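Visitor: Provided below for reference: sequence and predicted model.
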Amino acid sequence: METGQYQYKDDHSRQQQLCITSWAATGLATSIVMTKLVTTVFINKTPGWDDLMIFFAMIGSLVTTSLVQVSVNLGFGRPLMAVATEIGGLQNLARMAKLEGIGYHKAFAVIAYSLPNVAILILIERLAGRTKTFSRNFLRITVAIQIVLAIISVVFMFVRCRPVDALWHPSADGECKDKIFNYTFYAVNCFTVFTDTVLAVVPIHAFWKLQMGLQKKLEITFLLGLTFLSAIFTIIKVYYMFKFFDNQEFVPGSFDMIYDIVPLAIWTTVEKDVVIVAACVPTLWPLLHVFKRKNPSRKAAGINHSGSEGQSSSSRDPKHCPSISEIPLDDLEGGTSRRSEPSFEASSSLEGWDGRPTTARYE
């Protein structure tokens, strides 16, 4: 009797945790993406492919979180037996299985956490210009492999069962290669950690070769190093994946498929938003730069550059605030700036880091 009561005991607390955490993270990421788009499109007037990637990632994140909410409404996050014994419970479980595959665990989630890395790669290439400080092909191949692995995991999600109907209805006659799918998903996430680490180390290493103040270097390191944070979140998600799938494999029936998996679902939904935020933050500081320009002392501080630099600075559109993504490092390599391309010298792009105009040169 006590065992039956335990199995049928209802619990809504994990549903609340999942909904609050998912919508808070998605709301934060969406607001930051919108701020980035306003900054690059309307203030800097320099929209790029990275903005498009971030926009699609935001759409993927919103769809993912919305499908999570629909699944919660169907009973996801509650004990399996409590849902199954309700009227229409079995139908709701089948719907949840479909939404899990289409939404928060796979297709749209892959879009949400993969495309931001493409945006970060575009940003890094813009920063580097034509410098030879690192191999572009290495970065491109790294990001390409991650996207290919992500696509493979999505495709395999839908073809791992024969017939496909066995994916939605476990009671149906069929065969599912769950172990191979789990290993594929492990590989995707482990490689994502590697990609996030590479995309953080490369730009930080390049900026530390510039002659600028230590405070500026630390600030830039913090902004560009946020990609490390997404790697940490992915590592935590992989831990919960091992914990969940390994228990399923070695102790069948020991885990509740819609209740015990909630921590993994939380880290999966939050991870995508952390990656999006990490891709947006480095290009957001020009917005703060605009607010500081309202201070008269800031206007006076930005006037005095020597020679043609002062003339170039005064002839620019005062509403244009160069983004960090407009700064090619190759303009610094020779110690002089080109008129035809944006550079540290030709613009006040680094002016916002400490409130003073700065001329940085590449060592």
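Guide: Structure's in. What do you need?
Visitor: And the pLDDT for the closest residue to residue 95 other than its chain neighbours?
Guide: By the measure of C-beta to C-beta, 6 or more residues apart in numbering, the closest residue to residue 95 outside its immediate chain neighbours is residue 74, 5.5 Å from it. Any C-beta I mention is one placed from the backbone N, CA and C, and that applies to glycine too. At residue 74, the predicted lDDT confidence score is 91.
Visitor: Identify the residues contacting residue 74.
Guide: 83, 92, 93, 95, 96, 99 (C-beta atoms under 8 Å, 6 or more residues apart in numbering).
Visitor: Inside helices: which ones of those residues?
Guide: Those of these mapping onto helices are 83, 92, 93, 95, 96, 99, per DSSP state H.
Visitor: and the contacts of residue 74 as JSON lines, adding distance to residue 115 and neighbour count?
Guide: Shown next, in JSON lines, are these (distance: C-beta to C-beta, whole Å; neighbours: other C-beta atoms under 10 Å):
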{"residue": "83", "distance to residue 115": "34", "neighbour count": "22"}
{"residue": "92", "distance to residue 115": "31", "neighbour count": "19"}
{"residue": "93", "distance to residue 115": "31", "neighbour count": "20"}
{"residue": "95", "distance to residue 115": "27", "neighbour count": "18"}
{"residue": "96", "distance to residue 115": "26", "neighbour count": "22"}
{"residue": "99", "distance to residue 115": "21", "neighbour count": "19"}
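Visitor: Now distance to residue 10 and pLDDT too, for these, in a markdown table please.
Guide: Output for the contacts of residue 74, formatted as a markdown table (distance: C-beta to C-beta, whole Å; pLDDT from 0 to 100):
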| residue | distance to residue 10 | pLDDT |
| --- | --- | --- |
| 83 | 9 | 88 |
| 92 | 14 | 87 |
| 93 | 15 | 85 |
| 95 | 19 | 84 |
| 96 | 16 | 85 |
| 99 | 21 | 75 |
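Visitor: So which of those is the closest to residue 166?
Guide: Comparing the contacts of residue 74 against residue 166 with C-beta to C-beta places residue 93 closest, at 14.3 Å.
Visitor: Looks like the closest one contacts residue 82 (just checking).
Guide: No: applying C-beta atoms under 8 Å, one finds residue 93 not in contact with residue 82, separated by 11.4 Å.
Visitor: Can you check which residues contact both of the two?
Guide: Taking C-beta under 8 Å, 6+ apart as the contact rule, residue 93 and residue 82 both touch residue 75.
Visitor: Run through the strands of the chain in chain order.
Guide: Remark: strands assigned in the chain by DSSP state E are 161-162, 175-176.
Visitor: partners of the first one, with directions?
Guide: Looking back up the chat, that one is strand 161-162. Paired neighbours of strand 161-162 in the sheet (DSSP bridges): strand 175-176 (antiparallel).
Visitor: What sits closest to residue 158 if chain neighbours are left out?
Guide: Using C-beta to C-beta, 6+ apart and skipping the chain neighbours, the partner closest in space to residue 158 is residue 164 (6.5 Å).
Visitor: so how far is residue 272 from residue 25?
Guide: 8 Å (C-beta to C-beta, to the nearest Å).
Visitor: ugh, wrong one, residue 100
Guide: 15 Å.
Visitor: more crowded one of the two?
Guide: residue 272 (31 against 22; other C-beta atoms under 10 Å).
Visitor: Quick check: residue 48 touching residue 121?
Guide: No: using C-beta under 8 Å as the test, residue 48 is too far from residue 121 to be in contact (11.9 Å).
Visitor: So between these two, which is more surrounded?
Guide: residue 121 (24 against 19).
Visitor: Contacts only, for that one.
Guide: Here residue 121 is in contact with 139, 140, 143, 199 (C-beta under 8 Å, 6+ apart).
Visitor: distance of it from residue 70?
Guide: In this view, residue 121 and residue 70 are 33 Å apart by C-beta to C-beta.
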